[in-house]
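1. following is a predicted model, sequence given first.
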Amino acid sequence: MPSWSTLLDILDDAANRYGDKPALGLRRDDGSSMRWSFHELDRRTRIVAWRLRSLGLQPGDRLLTWSPSTPELPAVYYGAIRAGVVVVPLDLRMAPDAIEKIAERAEASRLAIGTGRDAPDPRDARLEHFPTSTLEALAAEPGEGDSGVVFPPDWQAQVLAWPRPRPEDLFEIIFTSGTTGNPKGVMLTHHCIAETIGAIHDVIPPQEHRVVSLLPLSHLMEQVAALFYALTVGGDILYVRSRNPRVIFEAIRDHRVTTMLVVPQVLDLFWSAVEREVEASGRTAAFDRLRSIARHLPYRARRLIFRSVHQRLGGSLNLLVCAAAFLPPQLQQAWEDLGVVVMQGYGATECGMASVTTKDDHGLGTVGRTIPPIQVRLADDGEIQVSGPTLFSGYWRDPEATAAAFTPDGWYRTGDIGRHDSDGHLILMGRTKDIIVLPNGLNVYPEDIENALRVAGIRDSVVVETQPGRIEAIVLAPGSHALPQGGDIPVRNASGPLSAGVDPVVVRAQIDAIVRAANATLATHQRVVSWRLWPEADFPRTHTFKVKRDRVRAWAAVDEPIPVRQG
């Protein structure tokens with residue numbers, strides 16, 4: 001496998017090795033699609049680069065990108081690389097105020113925005129007067145819709161003669177927080193991303209990769225583990241604009257997907273769809289018996305047993321890579337019963353993927369081992385700290401935050417708490433800032449309790465200390481998860497109306513039983529004393545789908561509604 005110093009090396013190598021093979025595609029809501037080969041992607045990046053320079057952007061300038069995932073977005077990323085422009089990706093879930101802050105903080109020169117009904121509106125973030133181009137216009141054929149941009153006969157030769165990026169040059173700045181205070185911009189160089197891609201090659205064995213991309217390209221995980229990695233192995237990526245489950249499943253089937261990068265919520269949604277179909281056919285008991293048998297067989301045999309399920313998924317799905325949140329062991333086991341390996345990774349924007357399970361070592365409940373040349377150590381308080389060539393180069397124009405992020409000897413402080421099992425696998429336990437210290441001096445890790453509640457049947461919860469030593473759980477009612485399970489019925493908190501036909505006594509009895517079951521698995525000092533229903537359909541979340549715990553804690557500090565006591 002070749003080695004790469006920059007992301008442009010990766011594109012050049014991919015275009016040379018894979019040429020006219022399909023690289024990127026888009027499935028539209030109406031079922032139509034478009035496809036680009038590796039050669040075509042390479043050519044479009046040169047078009048984008050010429051337009052960016054023609055629009056006045058100079059090396060080192062910042063370009064905001066704000067769009068759903070489409071083939072044009074990687075073309076703009078690479079066009080910016082060729083032009084020496086630094087990309088600043090914006091997430092569609094970011095609050096408008098956060099977008100406005102990031103645009104100001106980055107001192108960006110231009111905004112590249114997507115089009116279509118699911119595209120963002122610059123007016124929402126008060127950017128209506130900001131210099132803006134659409135992704136489609138930037139990547140369009142020369143002469144199509146150009147205003148003042150001239151393509152001379154030798155324009156491609158000129159682009160290819162421009163200085164190439166150096167490994168230490170910035171590729172992008174990803175702002176990880178913009179909801180309060182000053183957003184922090186993680187500076188990522190070509191070198192640190194190329195090193196992360198090299199590490200991924202060491203844990204994912206060679207195979208054909210056909211991918212349906214569902215996670216936003218504004219996230220480093222999707223960029224590195226899907227887009228850039230796929231380019232290095234000749235993978236075929238299909239983007240889907242719709243979030244309609246029917247359209248997504250049709251895309252997975254028609255693309256004959258082999259590999260998918262997912263978060264646990266998406267994996268849960270897929271499994272719920274499988275269960276609904278089994279239930280509708282009246283074969284739930286037989287399905288569960290087959291799962292218990294298949295669990296002890298080789299993966300090839302499992303796939304044969306459940307070939308009817310696999311046919312609905314295109315017949316080739318064999319690998320799921322999951323990250324970003326707690327993966328319930330029973331959810332991982334469910335997919336593996338069907339013959340699909342589930343790898344789980346751990347990392348951060350600041351350090352890339354620091355730890356991951358493998359196809360040969362993917363036990364339940366861990367995030368695997370460290371990926372060389374990355375190093376991971378645990379501080380005295382259990383904080384996970386990371387060192388190695390994949391580390392970011394600091395926060396954009398924020399030396400104080402940069403200094404605070406590193407130990408005196410140069411290790412990145414993740415803020416996560418972990419431990420190693422007897423075989424050296426990393427197990428996550430929560431965040432340092434969320435640790436509850438009881439009056440007796442014992443530490444309680446809220447995520448340990450939340451994971452126990454999830455295993456017992458509560459899809460999402462936030463554990464808080466409402467009074468010294470008093471542990472309460474704020475839970476989502478059945479069906480109120482953002483990706484609800486089939487058959488669940490949304491309910492509201494006692495302070496609001498219940499859905500028609502929902503018996504609040506039954507709902508509370510169900511949750512009460514689940515909390516008791518979770519408590520039975522926990523140590524005495526971890527047990528939940530009472531629980532409350534969150535009054536909305538979902539918890540407030542960041543643009544990376546993490547719960548905004550501070551807002552939940554603030555809500556729980558008010559004596560409404562009356563908690564239901566466990567006794």
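-> Yep, that arrived. Please read these numbers as outputs of a predicted model, since none were measured by experiment. Numbering: from 1, shown residues only.

2. okay, stretch 49-67 in CSV with CA atoms only?
-> Only the C-alpha atoms of stretch 49-67 are listed here, as CSV (Å, rounded to 0.1, in the frame of the first residue of the first chain):
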residue,chain,number,x,y,z
ALA,A,49,-9.5,25.2,-7.6
TRP,A,50,-9.5,27.6,-10.6
ARG,A,51,-12.8,29.1,-9.7
LEU,A,52,-11.7,29.7,-6.0
ARG,A,53,-8.6,31.6,-7.1
SER,A,54,-10.6,33.5,-9.8
LEU,A,55,-13.0,34.6,-7.0
GLY,A,56,-10.1,36.1,-5.2
LEU,A,57,-9.3,33.5,-2.6
GLN,A,58,-5.6,33.2,-1.8
PRO,A,59,-3.5,30.5,-0.1
GLY,A,60,-4.3,30.6,3.6
ASP,A,61,-7.7,32.1,3.2
ARG,A,62,-10.6,30.3,4.9
LEU,A,63,-13.6,28.9,3.0
LEU,A,64,-16.7,28.0,4.9
THR,A,65,-18.6,24.9,3.6
TRP,A,66,-22.2,24.4,4.6
SER,A,67,-24.1,21.7,2.8
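
3. would you mark the buried spots in that stretch?
-> Buried residues in stretch 49-67, counted by 16 or more other CB atoms under 10 Å: 49-53, 55, 57, 61-67. Every C-beta, even on glycine, is put in place using the N, C-alpha and C of the backbone.

4. and the pLDDT for the most far-flung residue of the chain relative to its centre?
-> In the chain, the residue that sits farthest from the middle, by CA atoms, centre = their mean, is P153; the gap is 42.1 Å. Note on P153: pLDDT of 94.

5. show me what contacts G415?
-> Listed by CB atoms under 8 Å, 6 or more residues apart in numbering, the contact set of G415 reads E383, R431, T432, K433.

6. thinking again about what came up before, and the residue farthest from the centre of the chain, what does it touch?
-> Neighbour list for P153: empty [criterion: CB under 8 Å, 6+ apart].

7. likewise the one 10 residues further on?
-> Taking CB under 8 Å, 6+ apart, we find P163 in contact with P59, G84.

8. likewise for I252?
-> I252 sits next to V212, M260, L313, G314, L317 when contact means CB under 8 Å, 6+ apart.

9. what about burial for these, which qualify?
-> Among the contacts of I252, those classed as buried by neighbour count (16+ other CB under 10 Å) are V212, M260, L313, G314, L317.

10. is R256 within a helix or a strand, and which one?
-> In the assignment (DSSP states H and E), R256 maps to no helix and no strand.

11. which of the contacts of I252 lies closest to L220?
-> Taking CB to CB as the measure, L220 lies nearest M260 of those, at 17.4 Å.

12. which element is the closest residue to that closest one other than its chain neighbours on?
-> Computed as CB to CB, 6 or more residues apart in numbering, the closest residue to M260 that is not its neighbour in sequence is L320, at 5.5 Å. L320 is part of strand 319-322 when elements are defined by DSSP H and E.

13. sheet partners, orientation included, of that strand?
-> With DSSP bridges as the test, strand 319-322 is paired with strand 259-262 (parallel), strand 341-348 (parallel).

14. please report how far W66 lies from P89.
-> Distance, W66 to P89, using CB to CB, to the nearest Å: 8 Å.

15. kindly apply the preceding question to I248 instead.
-> 22 Å.

16. okay, those two: which has more neighbours?
-> Using other CB atoms under 10 Å as the criterion, I248 and P89 rank with P89 on top: 23 against 19.

17. tell me the confidence at the more buried one?
-> We have a pLDDT of 97 for P89.

18. most tightly surrounded among the strands paired with strand 319-322?
-> strand 259-262 (a mean of 24; mean count of other CB atoms under 10 Å).

19. and the helix or strand following that one with strand 341-348, angle?
-> Counting by DSSP H and E, the next helix or strand C-terminal to strand 259-262 is helix 264-280. Put simply, helix 264-280 runs at 160 degrees to strand 341-348, going by axes from the mean of the first three to the mean of the last three CA atoms, to 10 degrees.

20. so which elements touch helix 264-280?
-> Contacts defined by 3 or more CB pairs under 8 Å, 6 or more residues apart in numbering; DSSP states H and E place helix 264-280 against helix 245-254, helix 284-294, strand 319-322, helix 329-337.

21. max pairwise distance over the buried residues of stretch 49-67: which two?
-> Applying CB to CB across these, the maximum distance is between W50 and W66, 21.8 Å.

22. before we move on, the earlier item: need the buried ones from the contacts of G415 selected in ChimeraX.
-> The buried residues among the contacts of G415 can be selected in ChimeraX (16+ other CB under 10 Å) with this line:
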select :383,431,432
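
23. can you put the contacts of G415 in TSV and add distance to Y395 and pLDDT?
-> Listed next are the contacts of G415 as TSV, based on distance: CB to CB, whole Å; pLDDT from 0 to 100:
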residue	distance to Y395	pLDDT
E383	19	95
R431	19	87
T432	19	87
K433	18	87
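
24. can I get stretch 227-234 as PDB, trimmed to CA atoms?
-> Extracted in PDB, the C-alpha atoms of stretch 227-234 (Å, rounded to 0.1, in the frame of the first residue of the first chain):
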ATOM      1  CA  LEU A 227     -14.100   9.500   2.200                       C
ATOM      2  CA  PHE A 228     -10.400   9.600   2.400                       C
ATOM      3  CA  TYR A 229      -9.900   5.900   3.300                       C
ATOM      4  CA  ALA A 230     -12.300   4.900   0.500                       C
ATOM      5  CA  LEU A 231     -10.200   6.800  -2.000                       C
ATOM      6  CA  THR A 232      -7.100   4.900  -1.000                       C
ATOM      7  CA  VAL A 233      -8.800   1.500  -1.600                       C
ATOM      8  CA  GLY A 234     -10.900   2.300  -4.600                       C
END
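
25. now it: average pLDDT?
-> Computed over stretch 227-234, the average pLDDT equals 97.

26. same check on stretch 435-445?
-> Mean predicted confidence for stretch 435-445 is 88.

27. list the buried residues for it?
-> Buried, per 16+ other CB under 10 Å, within stretch 435-445: I435, I436, V444, Y445.

28. span of it from start to end?
-> The first residue of stretch 435-445 is 5 Å away from its last residue (CA to CA, to the nearest Å).

29. among the buried ones among the contacts of I252, name the ones in strands.
-> V212, M260 (DSSP state E).

30. now render the buried ones among the contacts of I252 as a markdown table, adding pLDDT and distance to P96.
-> Formatted as a markdown table, the buried ones among the contacts of I252 follow (pLDDT from 0 to 100; distance: CB to CB, whole Å):
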| residue | pLDDT | distance to P96 |
| --- | --- | --- |
| V212 | 96 | 29 |
| M260 | 95 | 31 |
| L313 | 94 | 37 |
| G314 | 95 | 38 |
| L317 | 96 | 37 |
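
31. and which of the buried ones among the contacts of I252 is nearest to V240?
-> Proximity of the buried ones among the contacts of I252 to V240 (CB to CB) peaks at V212, which lies at 6.1 Å.

32. list the beta-bridge partners for the closest one.
-> Going by DSSP bridges, V212 forms beta bridges with L238.

33. average pLDDT across stretch 468-482?
-> 75.

34. kindly report the same for stretch 96-113.
-> pLDDT averaged over stretch 96-113 gives 93.

35. contact partners for the nearest residue to G148 once chain neighbours are set aside?
-> Sequence neighbours aside, S54 is the residue nearest to G148 in space, at 7.6 Å (criterion: CB to CB, 6+ apart). S54 sits next to G148, V149, V150 when contact means CB under 8 Å, 6+ apart.

36. and the last one, what element?
-> With elements delineated by DSSP H and E, V150 resides in a region that no helix or strand encompasses.

37. burial measure for it, as a count.
-> Using other CB under 10 Å: V150 sits among 10 other residues.

38. OK, contacts around it?
-> For V150, counting by CB under 8 Å, 6+ apart, the contacting residues are S54.

39. just give the number of residues close to C351.
-> Neighbourhood size, C351 [other CB under 10 Å]: 26.

40. and the closest residue to it other than its chain neighbours, what's its pLDDT?
-> Once flanking residues are discounted, C351 sits nearest to V386: 4.3 Å by CB to CB, 6+ apart. For V386, the pLDDT comes out at 98.
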